[in-house]
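Chemist: turn this into a structure:
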Amino acid sequence: MLLTSKTDHRPTAFAKLAPFSKQPYTLHKPAHYLASLTLLASVLLTPLCAQAALPEAIQTALTRANLSATDISIIITPVGDKTASRLPAPIQVIDSPKAANLPESLTTGNDTAEPESIQKQTTQNNNTNAKEITVHQSALVTIEKQTIKQHARQLHAYTDDPYTYQSIESVPPLLPDDALKPAKSSNENESSKNNNDKSTAHNPAIKISFSPLLSHQADIARTPASTMKLVPSFIALDTLGADFVWHTRVYHTGIIIGDKLYGDLIIQGSGDPKMTHERLQQLLYKVQTAGIRHINGNIIVDSSVFKNVTKDPAAFDNSPLRPYNASPDGFLVNFSSIGIKSYPLDNTRAQLTYTPQLANYQMPSMINMRSAACGQARYSIAPQWQPAQLTLNSNLPDSCGEHAFYVAYPDAKDFAARVIAAKWQTLGNTLSGKVIAQETPYRANNPANKQTKSPHGLAAIAMSPLPIVSYPSLNLTQQIYDINHFSNNVMTEQVALSIGAYKTDVNKNDTHQESVNKQGTDTDKTINNQATSLYQFGQPTATDYPQALQSINQWWQTNLTTTPPHLTNGSGLCRDCSISAANLSELLTYAYNQPSFDAYVSSLGIAGVSGTISAHSDRLPKSQAIGRAWIKTGTLNNVTSMAGYVKGLSGQDYVVVGLINTDHALNAYTARTVLDSMLDWTAQH
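Modeler: From the prediction side, this is the model:
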């Protein structure tokens, strides 16, 4: 999420980083001779641009933003092969359909090379002598600039939080699915025809190493803001797999007679990052179609897959109502956020609706209006969560019109319980007991749980051996898209925690299988026990932040050479976390050569087109990076950052990282232009 919080200090930690290339080979020589030769060789092998000052365009942008070269770290490194790019096709943004003789709707041309008019282009590097660059031909997707701007205007006019809105409502992307997939080069297509796929350039076994095109203070550890999301999102893809899904399982105790359950319904949370209110209703509908419409007992929500992860939503920036401050949870519902939609009835009043509904909680259906500009919820309607009701402490600005505000509820478990109760009733079902959300596994006779009574009669029958519903989440690829495209903090934390839970579970199952092989008779006895249920077996190990972050650290040490970054939650919503540009560059370079790269790069925003980098073209209208850069951005007070991939006009792919930290007040708009210039400069190569 884009943030407006203030950093307390600049990180001063420095990472010890491995060099990008090995020392040159030498014969046996005297020590002083070897030292001189090594120094000379290193100077000769280092690119001139890496030794020089920052490019003039970047330096000019720094000066304009009242920043200095000491405030920024940059590293730009070539990756891959010009003839076998792994990046998606560039997006051509045009002023009007007539400019490219295209129909007025968005068009895709998977077999169309870039128009001749841009195959050769005059570019300016460091504002020195202009030179002609032959633009690498590749498939294009074309979109009109006005379409992008209109889409952005509609989003910002309709809601105060467009990123939460797009995550919750699953708004269709502006670009077709084909535009997000990496384009196949002619070499790859020929290779496919010859059934020789193993020889393609992105075989993980083939590693091509390059020296940086530009490296400036790359080893300094800095606060990364949301570019930190690149770390857990890729490690999850690499560890769990792009097709990984979370399974939310539903069990019951007691017995079902007709459509009535005499017992408790148990929902076992899996850590699913995107259990929206609509998906929760689908889950409950599946319970209904499994034969349960009336429950003579309780609904118990088990969120024990994550432990001790609840945080104070006001701790980071004193904005507890903002959805980006929501706590993760083992059974997170709708990001613990509610949508408040206004519908003006006349010039003085507006009707309010709420999605999702909360059971046994009062929320005003009408609000008076005032003459004012529409802004964030905390300014426009000043909501406040009371124990049994929501109060709005300000009248609605008349300029809001039909508008959607998103407000985070302070307690993830209470929110889930109220939404479940409301959804269950909406489906026409009944519940005699309560919805109880707890961070411990279900136990029928748990004396510590004062909310439930010991079951008796039919309800005392043990838990069902198999789940009556096993509801899969959206796959990890789809979830990573929301995380990096819309910078969803709480989803990132769910994924980071899941790395620890499910990675550990694999090891646990291996150990368990060894035990089974040795003690098969004991297992048979356990299975024959009347209390046996899959609820008790094969589940991920309950994890917390320290365990999850340790799993991430171990992955880094196993696969990369730089010192691991310092994470506290994985989302970048932190002031004490740090990472260097070299750290991120190595991660992005490693990811480029892995099987899960397609899912990873497709999750990133496209410069000047979509995601949190869509405003790139507004800040730098003539940027060569528009439609050619796949970027994750980060923003905090005193911090702005960008990291991702750029397809140069020459056809060369680049990993690009830029981190800006400063002690003084930062004008985010002008500071981002510095990094925009970095993308533009890279694309010109």
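Chemist: can you give me the buried ones in stretch 155-163?
Modeler: Across stretch 155-163, burial judged by 16 or more other CB atoms under 10 Å covers 155, 159-163. (Glycine included, C-beta is placed from N, CA and C.)
Chemist: ah, wrong one, I meant stretch 290-300
Modeler: 292-293, 295-300.
Chemist: same check, this time on stretch 586-605
Modeler: Buried-residue list, stretch 586-605, by 16+ other CB under 10 Å: 586-594, 596-605.
Chemist: same check, this time on stretch 393-403
Modeler: 394-398, 400, 403.
Chemist: relative to Ile420, which of these is nearest.
Modeler: His403 (27.6 Å; CB to CB).
Chemist: so who does the closest one touch?
Modeler: Contacts for His403 (CB atoms under 8 Å, 6 or more residues apart in numbering) come out as 158-160, 341-342, 374.
Chemist: can you add secondary structure and pLDDT and give the residues you listed back as JSON lines?
Modeler: Formatted as JSON lines, the contacts of His403 follow (DSSP: H, G, I helix; E, B strand; the rest coil; pLDDT from 0 to 100):
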{"residue": "Tyr158", "secondary structure": "helix", "pLDDT": "94"}
{"residue": "Thr159", "secondary structure": "strand", "pLDDT": "94"}
{"residue": "Asp160", "secondary structure": "coil", "pLDDT": "90"}
{"residue": "Lys341", "secondary structure": "strand", "pLDDT": "97"}
{"residue": "Ser342", "secondary structure": "strand", "pLDDT": "97"}
{"residue": "Cys374", "secondary structure": "coil", "pLDDT": "95"}
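Chemist: pretty sure Thr589 sits against Val655.
Modeler: Yes. The criterion here is CB atoms under 8 Å, and Thr589 meets it with Val655 at 5.2 Å.
Chemist: quick check: neighbours shared by those two?
Modeler: 77, 79.
Chemist: give the bridge partners for Val250, please.
Modeler: Ile267, Val469 (DSSP bridges).
Chemist: what number of residues lie near it?
Modeler: Applying other CB atoms under 10 Å, we find 22 residues neighbouring Val250.
Chemist: could you do the one 10 residues further on as well?
Modeler: Applying the criterion other CB under 10 Å, we find 17 residues in the vicinity of Lys260.
Chemist: in CSV, could you pull the C-alpha coordinates for stretch 305-315?
Modeler: The C-alpha coordinates for stretch 305-315 follow below in CSV (Å, rounded to 0.1, in the frame of the first residue of the first chain):
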residue,chain,number,x,y,z
VAL,A,305,-2.0,-22.0,12.0
PHE,A,306,-0.6,-18.6,12.9
LYS,A,307,0.2,-17.7,16.5
ASN,A,308,0.9,-14.4,18.2
VAL,A,309,0.7,-12.4,15.0
THR,A,310,-1.9,-9.8,16.1
LYS,A,311,-0.5,-6.3,16.2
ASP,A,312,-1.6,-2.9,17.3
PRO,A,313,-3.0,-1.3,14.1
ALA,A,314,-2.1,2.2,15.4
ALA,A,315,1.5,1.3,16.3
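Chemist: since we're on Asn308, how many residues are nearby?
Modeler: Neighbours of Asn308 (other CB under 10 Å): 11.
Chemist: mind listing what it touches?
Modeler: 544-545.
Chemist: repeat the analysis, applying 7 Å as the threshold.
Modeler: The contact partners of Asn308, by CB atoms under 7 Å, 6 or more residues apart in numbering, come to Asp544.
Chemist: so where's the stretch 101-250 of the chain uncertain?
Modeler: 101-139, 176-209 (pLDDT under 70).
Chemist: which parts of it are strands?
Modeler: 107-109, 120-123, 131-134, 140-144, 214-216, 221-222, 247-252 (DSSP state E, counting those that start in this stretch).
Chemist: quick check: neighbours of the shortest one in the sheet, parallel or antiparallel?
Modeler: Spelled out, it's strand 221-222. Strand 221-222 is paired, per DSSP bridges, with strand 579-580 (antiparallel).
Chemist: name the helices or strands packed onto the very next helix or strand once past the strand it pairs with?
Modeler: For strand 579-580, the following helix or strand on the C-terminal side (DSSP states H and E) is helix 581-592. The contact analysis (3 or more CB pairs under 7 Å, 6 or more residues apart in numbering; DSSP states H and E) places helix 581-592 against strand 72-79, helix 230-240, strand 639-647, strand 653-661.
Chemist: pretty sure Gln281 is touching Ala422, no?
Modeler: No. Between Gln281 and Ala422 no contact is recorded; they are 9.8 Å apart, counting by CB atoms under 7 Å.
Chemist: average pLDDT for stretch 498-515?
Modeler: The pLDDT scores in stretch 498-515 average 57.
Chemist: what's the answer for stretch 539-552, then?
Modeler: On average, stretch 539-552 scores 90.
Chemist: what is the end-to-end distance of that stretch?
Modeler: From its first residue to its last, stretch 539-552 covers 20 Å (CA to CA, to the nearest Å).
Chemist: residues contacting it, please?
Modeler: 231-232, 235, 304-309, 496-497, 499-505, 508, 567, 569.
Chemist: show me how far it is from its chain's centre.
Modeler: Taking CA atoms, centre = their mean, to the nearest Å, the mean C-alpha location of stretch 539-552 is offset from the chain mean by 18 Å.
Chemist: buried stuff in it?
Modeler: 539-540, 542-543, 545, 547-549, 551-552.
Chemist: among those, which lie within helices?
Modeler: Among the buried residues of stretch 539-552, the members falling in helices (DSSP state H) are 545, 547-549, 551-552.
Chemist: picking up where we left off before, now, the most widely separated pair of the buried residues of stretch 290-300?
Modeler: Arg293 and Ile300 (18.1 Å).
Chemist: how about the contacts made by the closest residue to Pro78 other than its chain neighbours?
Modeler: Counting by CB to CB, 6 or more residues apart in numbering, Phe210 is the residue found nearest to Pro78 once chain neighbours are left out, at 4.2 Å. Phe210 makes contact with 77-79 under the criterion CB under 7 Å, 6+ apart.
Chemist: which one (most neighbours) among the residues you listed?
Modeler: Thr77 (25 neighbours).
Chemist: which of the contacts of stretch 539-552 count as buried?
Modeler: 231-232, 235, 304-307, 309, 496-497, 499-505, 567, 569.
Chemist: now the end-to-end length of stretch 588-603.
Modeler: End to end - CA to CA - stretch 588-603 spans 13 Å.
Chemist: typo on my end, it should be stretch 481-497
Modeler: OK, stretch 481-497 end separation, CA to CA: 18 Å.
Chemist: then stretch 459-477?
Modeler: End-to-end distance (CA to CA), stretch 459-477: 41 Å.
Chemist: when you give positions from now on, start the count at 426
Modeler: All set: I'll call the first residue 426, so the last point we hit is now stretch 884-902.
Chemist: thanks a lot, catch you later.
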